[in-house]
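J.: fold the following and give me the result.
(3 chains)
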Amino acid sequence: MSTTTNTSRLGSLLMTPVHLLMRIVDVPLRSLQKATGISGMAAFFLAPNMLIFGIFVLLPLVINFVYSMTGGTAFFLAERNFVGAEQYSRLFTCGSYLDPMSCQEDAFWTAVGNTFWFVILQVTLMILVALVTALILNRDLAARSFWRAVFFFPVLLSPVVVGLIWKWILQRQGLLNFGLYQFGVEPYTWLTDRNWTFVATIGVSLWAHMGFYALILLAGLQAIPKDLYEAAEMDGTKPARVFWRITLPLLMPNLLVVVVLALIRAVQIFDEVYVLTGGGPGTSTLYLTQYIYETGFASALRNPGLAAAASILMGLVLVVLTLIQLGIGQRGEKKGKR
Amino acid sequence: MGEIKLTDIKKSFGSVHVLKDIDLHIKDGEFIVFVGPSGCGKSTLLRTIAGLEKVTGGEIEIDGKRVNEVTAADRGLAMVFQSYALYPHMSVRQNLAFGLENSNMPKAEVAERITEAARMLEIEPYLERRPGQLSGGQRQRVAIGRAIVRRPTAFLLDEPLSNLDAELRVSTRAELAALHARIGSTMIYVTHDQVEAMTLAHRIVVMRAGKIEQVGTPLELYNTPANRFVAGFIGAPHMNFLSAEVVEQEAGKATLLIGGSHRLLVPIAGHELSVGDKLTVGIRPQHITLANDPGSLTVKVRLVEALGSETVIHADLNGEKLLAVVPGQRQISPGDDAHFSVAGAPLHLFDGNGLRIKDK
Amino acid sequence: MGVASRFILRRKGGKGWHWTDIVTWLWLVGGLIIMFGPAVWLVFSSFKTPAGLAEFPPSILPYVTQQATVQGYDKPLQLFEAKLPDGSTRVLAEVRRIGIMSQMVDPKTPGELIRVNINDRTPVRTLSFATENYTQPFVHFDFLRYLWNSVFVTVTATLITLIVNSMAAFALSKYEFKGRSVAMLIILATLMVPLSVIMVPLYSIISSLGLFNNLWGVILPTVATPTGVFILRQYMLTIPDELIDAARMDKASEWQIYWRIVLPLTAPALAVLAIFSVVWRWNDFLWPLIVLSRRELYTLQVGLSIYSGELNVQWHFILAMTVVTMIPVVLVFIFLQRFITTGIAGTGLK
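T.: Coordinates of the predicted model:
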């Protein structure tokens, strides 16, 4: 009891200058309130957020369209010349739409193709693994919160750390080769093999993010009323049937949200891959965000207009996915209300 | 001083008119109760007086000064909320002090006022506790205390007893009346419970659908309700209403037919009735007596509630429901025929529009 | 022990082993190894010397081959445990290797050379933690600088996020005003605008504001998070409006209502947002990579990635610094795990 009062006393002591500051701030704000009235204060409270939001999110969103219709290497809009839809037509100029190498911007189409296959494979695996993990964590386990923490742990790690950890493991003298060596397999340089790097990026992103989706699914599973399972047990329902007829249908709203969320995130894959493979070898793990980044900033022949055009195309995909997600959310809400 | 005058108050939310032309004069030191069914606008009226809602039209005056544009903080009123609205993260003492500190009162005086209010309300032992650690009744006292320390020109109380259990509500009601007698400030009290209104009020304001139906002392409302609504709202159990028809008319008197066959002679003063007029007769259940006289109303008993000291009889008169509360215990059972007498009972007559027909 | 194992191996219904029990345990134990293994491997590796890192097959723990200075030899020699032809084992120092034979010398009697087959000797190794992996980068590289930059960005951005977002959430939850639904709609619509879509124009805005190569250029674009406004608003909606009315009757100004009533009552949601903001800002990579091009401004994440991308990767330093970068997040994870998991389960934000 006394320790709590002591800590709270210490806390209030630390807060004293802050409180003092707030009292001082209050003086001009009171006169502002007199001038604008209570509802005018709403604008005051909203202003800082809207200002920052406007400058750093809304404005870029608008400027992006202008960018995509201008050419040159300059970043200042005034120094850029209007080129119309040239950047878009450049992106879409291809000898054959089935072969990315026949396109003028072959790197873009390679990135699109890579991202497409990455998204398909990664999201499918992600949902399967996360679902199994959630189902297992939802069982009557001892020390469940410990096990939940085990699978969740990598989620908080920074992509750079994740990339470096796995880069180190996949080294020639790394842990993976060490493990395989025990079974008589010769060491292999995984990160120089086009096929294996692609697999590695999927595996690493799976490792890093699976816990997040498992957690959402677990929350969904725990929200299913226990009495439904008890009723099914009273009816003598087989466990497999319980899963297909009770668990899965009731989990469906969460599952859909998780699928769309995973899609949205997978389309934007960048950080950990950039650290792990740098997009290579060659262009085997060049994904869309890295293409935009390199076209806009990193490459010697930078072309911000082209990068903007590509980012708008990517944005369109994300908008569609987001709308789907909002649609699901709203349907779920309506269901909840009923 | 705490004199409040409302003139032609209007309030609407969009196209919904919540208050319609409210006129009311509240005298200094008066305990006035706004009563009415939920959604009648009584809480909104209180909030417009408080300054928490702006009026759409009309004028609010406090002590002769127009306060329409004055903010809630500067009207000098204090309010006790239905949920008590105690700041959960502050101790009781801080809750009481918050309003005083905001008006830059010297610390010594703040402490003095808190001590005084705490003694008056017997909440001294809890001053350092948080609201979450208090019982409902204690919280209620703190909420009142927060109003008292402000020494407001008037207290506004929004259903302050509705979150208490029945027993506590009765005792707190009495304490509240005693408190008013002691402080003597104007109090405006909102409730939907007519018993609270009857026991506490100097004057009751009965409201319905954004309008004032009647203003008067509790007994005025009970004895001479201005219309069918007030008659039905005040008094428990509710007044019986029977449809009646004027069959004979002479100077100062009329004969009514009720229950299909029973004739009733009533005095009428200054009111023109003609034969064939349809009226409503109101009789309070307590004013009905049981009789053996076959000339009285013959009813079919539907349900009998024996409460020990009195017996409540639900009966049926020619398709109309009739309730009687008779003293003592009676040997009577559902299905029996009974004779109800209304001889000598105060009768309330209402015309086709539900307005009272004056009898004197 | 018996009680513990019975508790841990508790099965459904307490009856015999069902195949799902086996799958469960395989999954959990496999998960434990796969999820924690890499991080543990990283930590052990970070204490190895460059020579230890180059070894294959690698050892789990950081071992160092012992060396000894032997009279008559300039360089320190590696010590080996050698099996001699007479069957005895002695600790010898290797002078040179010729084919499959090794010329060795006894440190105590440096005069005489002993020839040993290389298969008959094993290096003498002791457990040794190369703590210089941790201390050196702070002295010789700019890692202290990077650490400071990361801390500055994280703390400042989190504070601004909390203040600015809570003010907006207060306005959007406790006031009725024209344009409220428009403001909500704008925030909702941009909820999912990722950096990758706007990085080119955002870069031009940052440069026009003179914030290129400035830590504020990293901080400002991140602080008005729509997600933050959303969780705080959802929470503030649960604060009864009567409390605000009571404060207004108590002569509190709107700022006081925000600061003294609403903010303290929103503490749980603020804590969740603070935790997430710290993790987000600490882990940010792409945007700092774009904005910061001067070495002394790098955050830890950028510095690490730049150093690890160099031709001659100094893995012993990189690994140690990766561990340092990981520490705050691991601490957050250990102490605030419950907050985070309930936060995610409740709001679906990451």
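J.: could you find the closest non-adjacent residue to the residue of the stretch 151-300 of chain C found nearest chain B?
T.: Going by Cβ to the nearest Cβ, chain B is nearest to C:Asp250 of the stretch 151-300 of chain C, at 3.4 Å. C-betas here are computed from N, CA, C, even on glycine. With sequence-adjacent residues excluded and distances taken as Cβ to Cβ, 6 or more residues apart in numbering or on different chains, C:Asp250 is closest to B:Gly99, at 3.4 Å.
J.: how far away is the one you found from B:Ile62?
T.: 18 Å (Cβ to Cβ, to the nearest Å).
J.: do C:Tyr258 as well
T.: Taking Cβ to Cβ, one finds C:Tyr258 at 28 Å from B:Ile62.
J.: for C:Ile160, same thing?
T.: 44 Å.
J.: more neighbours: which of those two?
T.: The neighbour count for C:Ile160 versus B:Ile62, taken as other Cβ atoms under 10 Å in any protein chain shown, is higher for B:Ile62 (22 against 18).
J.: how about the nearest residue to the more buried one, chain neighbours excluded?
T.: B:Ile62 sits nearest to B:Ile4 (Cβ to Cβ, 6+ apart), 5.5 Å away.
J.: and stretch A:111-120, what's buried?
T.: A:111-112, A:114-115, A:118-119 (16 or more other Cβ atoms under 10 Å in any protein chain shown).
J.: just say helix, strand or coil for A:Ile328.
T.: helix (DSSP: H, G, I helix; E, B strand; the rest coil).
J.: that one: what's it in contact with?
T.: A:253, A:256-257, A:260 (Cβ atoms under 8 Å, 6 or more residues apart in numbering or on different chains).
J.: make CSV out of those residues and add secondary structure and neighbour count.
T.: Shown next, in CSV, are those (DSSP: H, G, I helix; E, B strand; the rest coil; neighbours: other Cβ atoms under 10 Å in any protein chain shown):
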residue, secondary structure, neighbour count
A:Pro253, helix, 18
A:Leu256, helix, 17
A:Val257, helix, 20
A:Val260, helix, 20
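J.: for residue 146, grab the count of nearby residues.
T.: If you meant another chain, say so; for now it's chain A. Residues near A:Phe146, counting by other Cβ under 10 Å: 12.
J.: chain B, not that one
T.: Quick note: B:Arg146 (other Cβ under 10 Å) scores 29 neighbours.
J.: pretty sure it contacts B:Ala97?
T.: No: B:Arg146 is beyond contact range of B:Ala97, at 9.3 Å (criterion: Cβ atoms under 8 Å).
J.: and the chain, what are its domains?
T.: Let's take chain A. By the assignment in automatic domain parsing, chain A contains the domains A:2-62, A:86-337.
J.: my question was about chain C
T.: According to automatic domain parsing, the domains of chain C span C:2-45, C:63-127, C:133-347.
J.: tell me the most buried of the ones you listed?
T.: domain C:133-347 (a mean of 20; mean count of other Cβ atoms under 10 Å in any protein chain shown).
J.: show me what counts as buried in stretch A:22-41.
T.: A:22, A:26, A:29, A:32-33, A:38, A:41.
J.: please see if it touches chain C.
T.: Yes: using Cβ under 8 Å from any Cβ of the partner chain, stretch A:22-41 reaches chain C at A:22, A:25-26, A:29-30, A:33, A:38-39, A:41.
J.: quick one: mean pLDDT over that stretch.
T.: Per-residue pLDDT values over stretch A:22-41 give a mean of 86.
J.: report pLDDT for C:Lys350.
T.: The predicted local confidence for C:Lys350 is 50.
J.: can you check A:Gly84 too?
T.: At A:Gly84, pLDDT is 82.
J.: low-confidence stretches in the stretch 151-300 of chain B?
T.: B:269-271, B:294-295 (pLDDT under 70).
J.: distance check, the residue of chain C most remote from its centre against C:Ile114.
T.: Distance from the centre of chain C peaks at C:Asp86, with 53.8 Å (Cα atoms, centre = their mean). Note on C:Asp86: its distance to C:Ile114, by Cβ to Cβ, is 11 Å.
J.: least reliable of the domains of chain A by average pLDDT, please.
T.: Minimum mean pLDDT among the domains of chain A: domain A:2-62, a mean of 82.
J.: for it, what is the distance to the chain centroid?
T.: 31 Å (Cα atoms, centre = their mean, to the nearest Å).
J.: how about stretch B:40-49?
T.: 14 Å.
J.: where in the stretch 101-250 of chain C is pLDDT low?
T.: C:191-192.
J.: and it, which residues reach chain B?
T.: C:240, C:242-243, C:245-250.
J.: the closest residue to chain B within chain A and A:Arg30: what is the separation?
T.: The nearest approach of chain A to chain B comes at A:Ile38, 7.6 Å away (Cβ to the nearest Cβ). With distances taken as Cβ to Cβ, A:Ile38 is found 12 Å from A:Arg30.
J.: check A:Asp193 too.
T.: 69 Å.
J.: now swap in C:Trp287 and tell me
T.: 39 Å.
J.: same question, B:Lys211
T.: B:Lys211 is 38 Å from A:Arg30, by Cβ to Cβ.
J.: repeat for C:Leu53
T.: 64 Å.
J.: show the pLDDT at C:Pro58.
T.: 77.
J.: meant to ask about C:Ala345
T.: pLDDT at C:Ala345 comes out at 67.
J.: got the contact list for the closest residue to B:Ser333 other than its chain neighbours?
T.: Distances taken as Cβ to Cβ, 6+ apart place B:Val304 nearest to B:Ser333, at 6.3 Å, with adjacent residues excluded. The contact partners of B:Val304, taken as Cβ under 8 Å, 6+ apart, are B:311-314, B:330, B:332-334.
J.: which among these count as buried?
T.: Judged by 16+ other Cβ under 10 Å, buried ones among these: B:311, B:313-314, B:332.
J.: got CSV for the residues you listed, with distance to B:Phe350 too?
T.: Shown next, in CSV, are the buried ones among the contacts of B:Val304 (distance: Cβ to Cβ, whole Å):
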residue, distance to B:Phe350
B:Thr311, 28
B:Ile313, 24
B:His314, 22
B:Ile332, 30
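J.: from what I see, B:Ala226 and B:Gln214 are in contact.
T.: Yes: assessed by Cβ under 8 Å, B:Ala226 is found in contact with B:Gln214 at 4.3 Å.
J.: so which of the two has more stuff around it?
T.: Ranked by neighbour count (other Cβ under 10 Å), B:Ala226 and B:Gln214 place B:Gln214 first, with 21 against 18.
J.: can you show me the helices along the stretch 1-150 of chain B?
T.: All helices of the stretch 1-150 of chain B, identified by DSSP state H, counting those that start in this stretch, fall at B:42-50, B:92-102, B:107-121, B:136-148.
J.: got the CA positions of the first one in CSV?
T.: Taking C-alpha atoms only, helix B:42-50 is exported to CSV below (Å, rounded to 0.1, in the frame of the first residue of the first chain):
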residue,chain,number,x,y,z
LYS,B,42,-37.7,17.1,-19.0
SER,B,43,-34.0,16.2,-19.0
THR,B,44,-33.4,18.4,-22.1
LEU,B,45,-35.2,21.3,-20.3
LEU,B,46,-32.9,20.8,-17.3
ARG,B,47,-29.8,20.8,-19.6
THR,B,48,-30.9,24.0,-21.4
ILE,B,49,-31.2,25.6,-18.0
ALA,B,50,-27.7,24.3,-17.1
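J.: and that helix, what does it pack onto?
T.: strand B:4-13, strand B:16-26, strand B:31-35, strand B:77-80, strand B:154-158, strand B:186-191, strand B:203-208, helix C:241-249 (3 or more Cβ pairs under 8 Å, 6 or more residues apart in numbering or on different chains; DSSP states H and E).
J.: tell me how chain B divides into domains.
T.: Split by automatic domain parsing, chain B gives B:4-233, B:240-350.
J.: point out the most buried one among those.
T.: domain B:4-233 (a mean of 18).
J.: okay, how far is it across that domain, tip to tip?
T.: 26 Å (Cα to Cα, to the nearest Å).
J.: now that domain: how far from the chain's centre is it?
T.: The answer for domain B:4-233 is 13 Å, by Cα atoms, centre = their mean.
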